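Undergrad: Below is the structure, and that's it, no one-letter string:
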Ligand SMILES: [Zn+2]
């Protein structure tokens, strides 16, 4: 789902610390009382949504508004004469990042301090200032975001994962005890997913706790498959595009995973993909919609519909002018209010997701509102390899190579022919994100891509520099960053990438 969010959720389980480093780093944040309270309240809302959801939501909103107005200089200024949340102007990531030191309700939280933590790979999942988890988004919308989670918000995400994402009954392996979880995701930074997994591993202590292993999505597919086969996980957590590529190997008899569950997030999951994955792996497919800003916005039910966790999250669907749209209509943007995090409040925070509230109740019987999210729809590229074979390149892996090695976030990679790729970079313009020196940036990206393609076995692929800026899809309005051959080269309207939000949240 453009939804971006990958698989995050290992958190709710306790991972065995097999192989973890012995470290002097502060243990990840965890508050047993907050965890019990979040689980208890989430369970009550599950049991009787009509009785519990609205009171819980109102209580949490009142507490959030109170602490934000009292302790956040940024929100105190913005609040002005507003009387209710609806009177508050929506806030952008750019505004929050520019006012970072005034944003949080704890004055010890500074951008300088957070950036210092994020610059140290060894500090992944460390409790910052003794009590916070910090992660960053990769900045597909132009600027990376830095998000600080307190123990209470982590407890809420844990509770949602355990009690909603996995469904009311998730035997075998209640809480994942004794099972092996494989996480395949972006590992090149303090992203929400990998930070969550690392937190899980470090918090684990019981011998019956699940084993959690992490693999980079940049691993060449054959090596990834071999590693997974050796690991024999019961639960695989990854992006839809990665699961689909692995399913093709499973169907061909080159992979023999026996999964109990498949957890997905971070990209669009189509109904056809969901069905194919469920059949191929013969297990339930769990899907969620989350973001770096709020890890657990909605969870898919057994029918594949996303249900908003509206006891923990407010999600307003808005048109281009910021006015509410009617249920059933697709929003231009959404305003997110995260009721779980009182340390770094997000009140009417703008996400460029195209969300629609469904007007009919879901056949699953859930009372949580059903939504549709038009999410990321980047392509997996298939390129020629030695011996007539094919090299399969996942979109997230290609994107992270370009981002990390090239230092850019605004780009578009198009496959023009079997052996030809074109890379388009957004030029710098006043007030917009872009590339200051396109020639140098392209050279860095092309070199990194070339090395990456060779490592995956691709041969004879030529990468050219696109002369036009990345363009949004004319139909969906979304910026697709990797476009495969099946869609042909696109020559749509001239619109600079102002992109989509970071999906590497997980
Ligand atoms: Zn449903």
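TA: Great, that's in hand. Bear in mind the structure is a predicted one, so any value in this text is a computation, not a measurement.
Undergrad: what does the stretch 351-500 of the chain have sitting close to the ion?
TA: Taking CB under 5 Å from the ion as the contact definition, the stretch 351-500 of the chain meets the ion at 362, 364, 366. All C-beta spots, glycine's among them, are computed from the backbone N, C-alpha and C.
Undergrad: One more pass at 8 Å, please.
TA: Residues of the stretch 351-500 of the chain lying near the ion by CB under 8 Å from the ion: 362, 363, 364, 365, 366, 370.
Undergrad: and the residues you listed, which two are the farthest apart?
TA: The span of these, defined through CB to CB, is set by 365 and 370 at 11.1 Å.
Undergrad: With neighbour numbers in mind, choose between these two.
TA: Using other CB atoms under 10 Å as the criterion, residue 365 and residue 370 rank with residue 370 on top: 22 against 8.
Undergrad: thought the more buried one was touching residue 358?
TA: Yes - proximity of residue 370 to residue 358 meets the contact threshold set by CB atoms under 8 Å, at 4.2 Å.
Undergrad: can you list residues touching both of those two?
TA: Contact with both residue 370 and residue 358 is made by residues residue 305, according to CB atoms under 8 Å, 6 or more residues apart in numbering.
Undergrad: Select from the residues of the stretch 351-500 of the chain next to the ion every entry located in strands.
TA: Among these, DSSP state E puts residue 370 in strands.
Undergrad: Take the residues of the stretch 351-500 of the chain next to the ion and write them to TSV, including pLDDT.
TA: Converted to TSV, these look like this (pLDDT from 0 to 100):
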residue	pLDDT
362	94
363	95
364	93
365	93
366	93
370	97
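Undergrad: Pull out the buried positions in the helix ranked longest in the chain.
TA: Ranked by residue count, the top helix of the chain under DSSP state H comes out as helix 49-71. Within helix 49-71, the residues scored as buried using 16 or more other CB atoms under 10 Å are 49, 52, 53, 56, 57, 60, 61, 64, 65, 68, 69, 71.
Undergrad: Give me the pLDDT value at whatever residue of the stretch 151-300 of the chain ends up closest to the ion.
TA: For the stretch 151-300 of the chain, the residue closest to the ion is residue 300, as judged by CB to the ion, at 7.8 Å. Per-residue pLDDT puts residue 300 at 95.
Undergrad: try residue 273
TA: The model reports residue 273 with a pLDDT of 89.
Undergrad: In terms of helices and strands, where is it?
TA: Here residue 273 sits within helix 271-281, counting by DSSP states H and E.
Undergrad: And that helix, what does it pack against?
TA: When contacts are defined as 3 or more CB pairs under 8 Å, 6 or more residues apart in numbering; DSSP states H and E, helix 271-281 packs onto helix 240-251, strand 261-264, strand 285-289.
Undergrad: just these: most buried one?
TA: Most buried of the helices and strands packed on helix 271-281 by mean neighbour count (mean count of other CB atoms under 10 Å) is strand 285-289; its value is a mean of 27.
Undergrad: So is it next to the ion?
TA: No - applying CB under 8 Å from the ion, one finds strand 285-289 separated from the ion by no less than 11.6 Å.
Undergrad: and that strand, how far from the chain's centre?
TA: 11 Å (CA atoms, centre = their mean, to the nearest Å).
Undergrad: try stretch 94-103
TA: With CA atoms, centre = their mean, you get 21 Å for stretch 94-103.
Undergrad: returning to that earlier point: residues in contact with the residue of the stretch 151-300 of the chain closest to the ion?
TA: Residues in contact with residue 300 (CB under 8 Å, 6+ apart) are 269, 285, 286, 287, 288, 289, 306, 307.
Undergrad: repeat that with 7 Å
TA: 286, 287, 288, 306 (CB atoms under 7 Å, 6 or more residues apart in numbering).
Undergrad: Tell me the helices and strands packed up against the helix or strand where residue 222 lies.
TA: Assigned by DSSP H and E, residue 222 belongs to helix 221-231. Helix 221-231 makes packing contacts with strand 180-185, strand 211-216, helix 240-251 when contacts are defined by 3 or more CB pairs under 7 Å, 6 or more residues apart in numbering; DSSP states H and E.
Undergrad: Domain parsing of this protein, as residue ranges.
TA: Using automatic domain parsing, the domain parsing of the chain gives 9-374, 381-487.
Undergrad: where are the low-confidence patches of this structure?
TA: For the chain, the stretches with pLDDT under 70 are 1-23, 138-142, 167-177, 205-206, 208, 375-377, 428-434, 473-478, 486-506.
Undergrad: the helices in it, which residues?
TA: With DSSP H applied, the chain shows helices at 32-47, 49-71, 73-79, 93-98, 100-103, 111-118, 151-160, 192-203, 221-231, 240-251, 271-281, 395-406, 438-455, listed in chain order.
Undergrad: Quick check: the gap between the closest residue to residue 245 other than its chain neighbours and the ion.
TA: Distance criterion CB to CB, 6 or more residues apart in numbering; nearest residue to residue 245, sequence neighbours excluded, is residue 392 at 5.3 Å. Using CB to the ion, to the nearest Å, residue 392 is found at 32 Å from the ion.
Undergrad: residue contacts, residue 392?
TA: With the criterion set at CB under 7 Å, 6+ apart, residue 392 makes contact with 221, 245, 380, 382.
Undergrad: give the contact list for the last one.
TA: What it means is residue 382. 390, 392.
Undergrad: ok, what's across the strand from it?
TA: residue 392 (DSSP bridges).
Undergrad: Against residue 39, how distant is it?
TA: Using CB to CB, to the nearest Å, residue 382 is found at 44 Å from residue 39.
Undergrad: cool, and the second one?
TA: Taking CB to CB as the measure, residue 245 and residue 39 are separated by 35 Å.
Undergrad: Not counting sequence-adjacent ones, nearest residue to residue 447?
TA: Closest to residue 447 by CB to CB, 6+ apart is residue 405, at 7.5 Å.
Undergrad: my bad, should have said residue 67
TA: residue 342 (4.8 Å).
Undergrad: List the backbone torsions phi and psi for the one you found.
TA: Per-residue torsions, residue 342: phi -100, psi 0 (degrees, to the nearest 10).
Undergrad: Equivalent analysis for residue 293, please.
TA: Per degrees, to the nearest 10, the backbone of residue 293 is at phi -80, psi -30.
Undergrad: give the contact list for it.
TA: 147, 336, 338, 346, 349.
Undergrad: what's the answer for residue 369, then?
TA: Counted by CB under 7 Å, 6+ apart, residue 369 has contacts 307, 308, 310, 357.
Undergrad: Please report the distance of it from the ion.
TA: Remark: distance between residue 369 and the ion (CB to the ion) = 10 Å.
Undergrad: Ramachandran coordinates for that residue?
TA: phi -60, psi 140.
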